[in-house]
Each structure stands twice: as structure tokens, then as C-alpha cells.
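Peer 1: structure, please.
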Amino acid sequence: MTSRFLAFVPLLLTSMLLGACANPPGAAPKDTLARISQTQTIRLGFREDAKPFAFNGPDGAPAGYSVELCKRVASSLKSQLGLAKLDVQWVPVTVASRMPSVIDGTVDLECGSTSRTLGRERQVDFSNTIWVEGASFVSLSSKPVGRAVELNGKRVGVIPGSTTEKVLKDLSGRGIVPVFVTVQTHTDGIAAVRDGRADAYATDRLILVGEVLGGPAGSTLRLSDDYLSMETYSLMMRRDPDMRLAVNRALAEVYRSGEIVNVFRQTFAPGMVPSPLIEAVYVLNALPE
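Peer 2: Residues are numbered from 1 along each chain as shown. Model (predicted):
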């Protein structure tokens with residue numbers, strides 16, 4: 001080899017290594033707002049089976065409380081970034097895929113029913129609180145499971161990796177040990193109760209209400225009065241302080257302006273009103289500029 005080539009090799013290797021570090025294969029962009037500005041596109045992840053927070057509406061389009069909030073966040077980001085247009089791409093996610101999709105950049109913001117936990121915050125960022133909910137369970141009215149203590153030894157449908165699964169496992173400290181029946185969606189969990197594969201299905205209470213009310217006519221499911229846990233919902237995103245601030249600025253404006261009233265009315269049944277706890281969420285997160 002010539003001395004000129006040997007001198008060139010270190011420079012070539014350095015260039016290649018720097019390029020690999022800057023854009024490793026499959027890596028998510030670190031500056032989310034810059035990518036959104038450049039592409040004039042935001043990718044919103046949504047659950048297809050988390051009614052009333054996120055689901056496929058009658059027209060096949062994403063619908064629900066979290067979806068409506070994300071629409072308003074997207075509109076605010078368009079204004080904050082000074083964009084002439086901002087296209088919204090809706091990307092379906094599941095309980096299993098939602099966090100990986102956020103981490104690897106498949107979606108910029110996840111709009112569903114995701115509980116904010118310290119364990120999850122080791123990997124992702126969360127917006128300020130959008131909802132407060134607790135886990136509960138349903139059973140057949142003909143074979144009711146009314147109280148949490150009655151779950152001991154019962155077959156309980158649960159989605160793997162969900163916070164409800166952890167809550168159910170923690171019941172062992174109270175001498176309550178359910179037999180877990182793995183399901184992949186809320187719809188499958190409800191079906192498991194109806195067809196006898198499970199004695200109960202456990203998940204967030206309001207989702208259970210949506211599934212029960214949206215079920216076939218004449219279906220006889222009983223919703224337990226017991227709460228297994230109390231959790232807060234937030235919008236999930238990659239670790240990016242600028243993106244988190246922009247999302248929280250959008251949410252704060254929704255709360256301050258009273259637009260949250262329209263979101264609530266658009267999502268929930270006529271006559272339904274926010275609980276005092278939900279009202280507190282709106283007041284405490286209506287942060288000033």
C-alpha cells in the first residue's frame with residue numbers, strides 16, 4: 001500500500017464512524033420538532049380498541065378522547081412551529097407495540113390509554129396528565145364476580161404487559177391469586193368472559209364501561225364496584241424535552257381556554273360530566289405561559 005493511502009484510511013474510518021453514530025440504523029430522530037418541521041408531518045399512534053379513549057370510529061377513522069386531544073395538539077404544534085400545513089398520519093399501535101413504536105420513531109406521539117409509571121419513564125417521556133382512571137373488572141351477570149377478593153382462583157382475562165396485569169399479580173400479597181387468561185385486546189377480553197374462557201376480564205374501568213355499553217343488545221355483563229388501582233393517563237413520546245414542552249403547552253391551552261369542554265362533550269355520552277377528580281386534572285394542568 002502507498003503511504004498516501006495509509007494516511008487516508010484513518011480519515012475514512014473516522015468519517016464512517018461519525019456517520020454511523022449520527023444515524024444508526026433504525027434509530028429515532030433525537031429532535032422531534034425539527035423532523036416535524038422538515039417533513040410537515042406528525043405521526044400519531046392510536047389504539048384501535050381502547051374505547052372511549054382511542055378506537056376506530058363508525059367511519060373507520062380514529063376517534064376517542066385521547067385522539068381528539070392529539071388532534072388539538074397537532075394543530076397547536078403547527079402554530080408553534082409556524083408551519084403552513086401539518087399533515088397527520090395515524091398509525092395503529094397495540095399494548096405490546098406502543099412503547100417500541102414511540103422509542104424507534106415509528107410514531108411521534110401515542111394517543112391512547114397509557115398509564116404513566118416510573119418504570120416506563122425510564123424509557124420514554126409523558127405529557128402532563130390527561131385523565132385519572134382506576135382498574136376494575138367485569139363478569140357475567142349469571143356468574144357474577146362482585147368483589148376483588150372473589151378473584152382468588154378465578155380465571156381472569158388480562159393483557160400482558162399492561163399495568164392491570166401487575167396490579168393483579170400484586171394481589172397475591174392479600175392472598176388473592178387469580179388464574180391468568182392471556183388476551184391481546186379489550187374486545188377479546190370481553191369475548192373471553194362471554195364465551196366462558198374467563199370468569200372475569202380486568203382493565204381500566206372506563207374502557208370496561210365503553211365495552212359493556214357498546215356490546216350486543218341483551219348482553220348481560222356485570223361491572224364490579226371495586227377498584228383494583230388508581231392510575232393517571234398521559235400522552236407518550238420519546239425522550240425529548242422540547243417536544244414534551246410543546247405538547248404540554250398545547251394541552252395547557254386546551255384546558256385554559258375551555259376547549260376541553262368540547263373534547264369531553266364530543267367524546268362521551270350526553271349528560272355525562274367530569275368527576276371532581278377529572279376537573280382537578282384540568283385545573284391543575286391549565287398552566288400559564
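
Peer 1: need the nearest residue in space to Ser139, chain neighbours excluded.
Peer 2: Leaving out its chain neighbours, the residue that sits closest to Ser139 by C-beta to C-beta, 6 or more residues apart in numbering is Val145, at 4.0 Å. Bear in mind the C-beta positions are built from the backbone N, C-alpha and C, glycine included.

Peer 1: Gly57 too?
Peer 2: Excluding the flanking residues, the one nearest Gly57 by C-beta to C-beta, 6+ apart is Ala63, at 3.4 Å.

Peer 1: what about that neighbour, how many residues nearby?
Peer 2: Close neighbours of Ala63, defined as other C-beta atoms under 10 Å, add up to 20.

Peer 1: can you check Asp104 too?
Peer 2: Per other C-beta under 10 Å, the neighbour tally for Asp104 reads 12.

Peer 1: coming back round to it: for the residue nearest to Gly57, grab phi and psi.
Peer 2: Backbone geometry at Ala63, expressed as degrees, to the nearest 10, gives phi -150, psi 170.

Peer 1: show me what contacts the residue nearest to Ser139?
Peer 2: Contacts of Val145 were listed using C-beta atoms under 8 Å, 6 or more residues apart in numbering, and they are 137, 139, 151, 154, 199-200, 222, 224.

Peer 1: can you get me a residue count around Gln266?
Peer 2: Gln266 has 11 nearby residues by other C-beta under 10 Å.

Peer 1: in a helix, it, correct?
Peer 2: Yes. Counting by DSSP: H, G, I helix; E, B strand; the rest coil, Gln266 falls inside a helix.

Peer 1: quick check, it in contact with Lys71.
Peer 2: No. Gln266 lies out of contact with Lys71 (C-beta atoms under 8 Å); the separation is 10.2 Å.

Peer 1: list the contacts for Thr41?
Peer 2: Contacts of Thr41 (C-beta under 8 Å, 6+ apart): 86-89.

Peer 1: quick one: which of those has the most company?
Peer 2: Among the contacts of Thr41, the one with the most neighbours (other C-beta under 10 Å) is Leu86, at 18 neighbours.

Peer 1: skipping adjacent residues, who's closest to it in space?
Peer 2: For Leu86, ignoring the flanking residues on the chain, the nearest one in space by C-beta to C-beta, 6+ apart is Lys78 at 3.9 Å.

Peer 1: so the one you found is in contact with Lys85, correct?
Peer 2: Yes. Here Lys78 reaches Lys85: they are 7.4 Å apart, a contact under C-beta under 8 Å.

Peer 1: okay, those two: which has more neighbours?
Peer 2: A count of neighbours by other C-beta under 10 Å puts Lys78 above the other of Lys78 and Lys85, at 19 against 7.

Peer 1: just the pLDDT for Gly218.
Peer 2: Confidence at Gly218, expressed as pLDDT, is 50.

Peer 1: start to end distance for stretch 252-262?
Peer 2: 15 Å (C-alpha to C-alpha, to the nearest Å).

Peer 1: for Pro160, see how far away the residue nearest to Ser139 is.
Peer 2: Noted for Val145: a distance of 21 Å to Pro160, by C-beta to C-beta, to the nearest Å.

Peer 1: number of nearby residues for the closest residue to Arg120 other than its chain neighbours?
Peer 2: Leaving aside its chain neighbours, Arg120 sits nearest to Met99 (7.0 Å; criterion: C-beta to C-beta, 6+ apart). Counted with other C-beta under 10 Å, the neighbours of Met99 add up to 18.

Peer 1: with Gly258 instead?
Peer 2: Gly258: 10 neighbours (other C-beta under 10 Å).

Peer 1: thought Val138 was touching Asp225?
Peer 2: No. Val138 is beyond contact range of Asp225, at 11.5 Å (criterion: C-beta under 8 Å).
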